[in-house]
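1. Structural data only, the sequence is not supplied:
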């Protein structure tokens, strides 16, 4: 996956303006960001470019304004959070192109940072309009993309600019692409994938891609119920997509043909109500689920067997929890297997790459988010990568 990084730039960028696509779509609470993870991710790129003497102009979206200005979606709302995280002053620029930006670039000194307004205020962004991209590019000398989370969008700020200016991957993008290459591009064999979550229907493309690429496919969450039901197991009142039986059988057949072993639980935690620590909770064989019970987690024997599977593998890709991890004790399988994966990673015997919103939360809950090889905070982009799709923002950097 050949792409240029900040290492390919001169040591001195004085006199140059860098247009840097970042993800500043931060969760807000009472006027301030409640989580600065995305800012911390792009901080090294911003500071490195500034320290090399470039004038750094940040391009970002904030919410979904659909091509119109909204005061509640201006990137000015995150200016203060950005300044605190960077420990630098940041000039807010209420446009992305034209005389206002030109004037701001004239005011900025080498090493200064400017924050352009929400790039999605202009219809040309999501339309990837070449004229709009040219207008934005006119103020820059180089383009840096450090927003993998938006790389699955063919927008002006993610793809269009890369065709108009010398294009480079930022440090966060570089780490992400290297991790993904190690996980599914050219991984050490054998490879295991954990795919969990509520519904098979949302991850059909992921499953269809993985069965041809991994040795072990571990299915958890509500998805496992659909697979069990397709194999003739009565899953009682469990969350289940019974209409996908034929699709699941086709996936299982493809896995067989490809030499991929699909792992489904044979013992499970069930309850009659969806609540924390319900008195009706019990551990049963999958063939013993009562008609009024719901499967809410994988059982301890299955988890132990899955841990043994991971010990035979060199690479792990993880997306989605194994059970209803928000409610104890239905977090047990996710926590136990995540801790096994983390321990193997720390021993140096496993490369572990995880991603997706629920996955990040589940690994944090297990206390191992920092012990995996790489944890991606990108939701849609990570999922599309697992589906084997071409990501326009990545492809633009490799051309």
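-> Cool, got the structure. All of these numbers come straight from a predicted model, not from anything done at the bench.

2. per-residue pLDDT, the closest residue to residue 240 other than its chain neighbours?
-> What sits nearest to residue 240 in space, not counting adjacent residues and going by CB to CB, 6 or more residues apart in numbering, is residue 225, at 4.4 Å. Glycine gets a C-beta too; all of them are placed from N, C-alpha and C. As predicted, residue 225 sits at a pLDDT of 97.

3. my read is residue 225 is in a helix, agree?
-> Yes: judged by DSSP: H, G, I helix; E, B strand; the rest coil, residue 225 forms part of a helix.

4. Surely it is in contact with residue 235?
-> Yes: Residue 225 is within contact range of residue 235, at 4.7 Å (criterion: CB atoms under 8 Å).

5. the more surrounded of the two?
-> Shown here are residue 225 and residue 235; by other CB atoms under 10 Å, residue 225 has more neighbours (30 against 23).

6. Now do the contacts for the more buried one.
-> 235, 238, 239, 240, 295 (CB atoms under 8 Å, 6 or more residues apart in numbering).

7. Now for residue 225 and residue 235: what residues contact both?
-> Contacts common to residue 225 and residue 235, judged by CB under 8 Å, 6+ apart, are residue 295.

8. for the stretch 151-300 of the chain, what spans make up the strands?
-> For the stretch 151-300 of the chain, strands defined by DSSP state E, counting those that start in this stretch occupy the ranges 167-169, 191-195, 216-219, 261-263, 267-271, 282-285, 294-298.

9. Neighbouring strands - and their directions - for the fifth one?
-> Strand pairing for strand 267-271, using DSSP bridges, gives strand 282-285 (antiparallel), strand 294-298 (antiparallel).

10. So what's the gap between the first one and the chain middle?
-> Spelled out, it's strand 282-285. 33 Å (CA atoms, centre = their mean, to the nearest Å).

11. wait, is residue 101 part of a strand?
-> No: counting by three-state DSSP, residue 101 is not found in a strand; it is helix.

12. Now do it, the pLDDT please.
-> Looking at residue 101, the pLDDT reads 98.

13. Likewise for residue 358?
-> Looking at residue 358, the pLDDT reads 86.

14. before we move on, what about residue 1?
-> Residue 1 is given a pLDDT of 59.

15. now swap in the one 10 residues further on and tell me
-> Looking at residue 11, its pLDDT stands at 96.

16. quick one: it and residue 52 touch, right?
-> Yes: here residue 11 lies in contact with residue 52, judged by CB under 8 Å, at a distance of 6.5 Å.

17. Compare the two (neighbour count), which wins?
-> residue 52 (19 against 6).

18. Contacts only, for that one.
-> Counting by CB under 8 Å, 6+ apart, residue 52 has contacts 9, 10, 11, 12, 13, 14.

19. nearest to residue 300, of those?
-> residue 9 (52.2 Å; CB to CB).

20. Compare the contacts of residue 225 and tell me which has the most neighbours.
-> Most surrounded of the contacts of residue 225: other CB under 10 Å gives residue 295, at 29 neighbours.

21. Quick check: bridge partners of that one?
-> Here residue 295, judged by DSSP bridges, has bridge partners residue 270.

22. Any figure for the gap between it and residue 335?
-> 18 Å (CB to CB, to the nearest Å).

23. can you count the residues close to the closest residue to residue 183 other than its chain neighbours?
-> Spatially, and ignoring its direct neighbours in sequence, residue 183 is nearest to residue 353 (3.9 Å; CB to CB, 6+ apart). Residue 353 has 26 neighbouring residues, counting by other CB under 10 Å.

24. same question, residue 312
-> 11.

25. what does residue 219 give?
-> With other CB under 10 Å as criterion, residue 219 counts 27.

26. on that earlier part again, residues in contact with whichever strand or helix holds the residue nearest to residue 183: which ones?
-> Following DSSP states H and E, the helix or strand that holds residue 353 is strand 351-355. Strand 351-355 is contacted from outside by 179-180, 182-183, 187-188, 314-319, 341-342, 344-345, 360, 363, 372-379, 382-383, 386, using CB under 8 Å, 6+ apart.

27. Give me the angle between that strand and strand 191-195.
-> 20 degrees (axes from the mean of the first three to the mean of the last three CA atoms, to 10 degrees).

28. Report the spatially nearest residue to residue 80, omitting neighbours in sequence.
-> Per CB to CB, 6+ apart, closest to residue 80 is residue 32, 7.3 Å.

29. Which stretches in this structure count as helices?
-> 37-51, 79-86, 99-107, 123-126, 130-137, 171-180, 204-210, 221-230, 245-258, 300-310, 332-347, 357-366, 380-386, 392-398 (DSSP state H).

30. Mind checking the pLDDT average for the fifth one?
-> Right, the one you point to is helix 130-137. 98.

31. Next, the buried residues of that helix.
-> 132, 133, 134, 135, 136, 137 (16 or more other CB atoms under 10 Å).

32. can you check the third one too?
-> When neighbours are counted by 16+ other CB under 10 Å, the buried residues of helix 99-107 are found to be 101, 104, 105.

33. By neighbours, which of the contacts of residue 52 wins?
-> residue 13 (23 neighbours).

34. tell me the phi and psi of that one?
-> Torsion angles at residue 13 (phi, psi; degrees, to the nearest 10) stand at phi -110, psi 20.

35. pretty sure it contacts residue 56?
-> No: with contact defined as CB under 8 Å, residue 13 does not count as touching residue 56 (9.4 Å).

36. what touches both of these two?
-> residue 49.

37. Could you list the domains of this protein?
-> Per the record, the chain has its domains at 6-172, 187-386, by automatic domain parsing.
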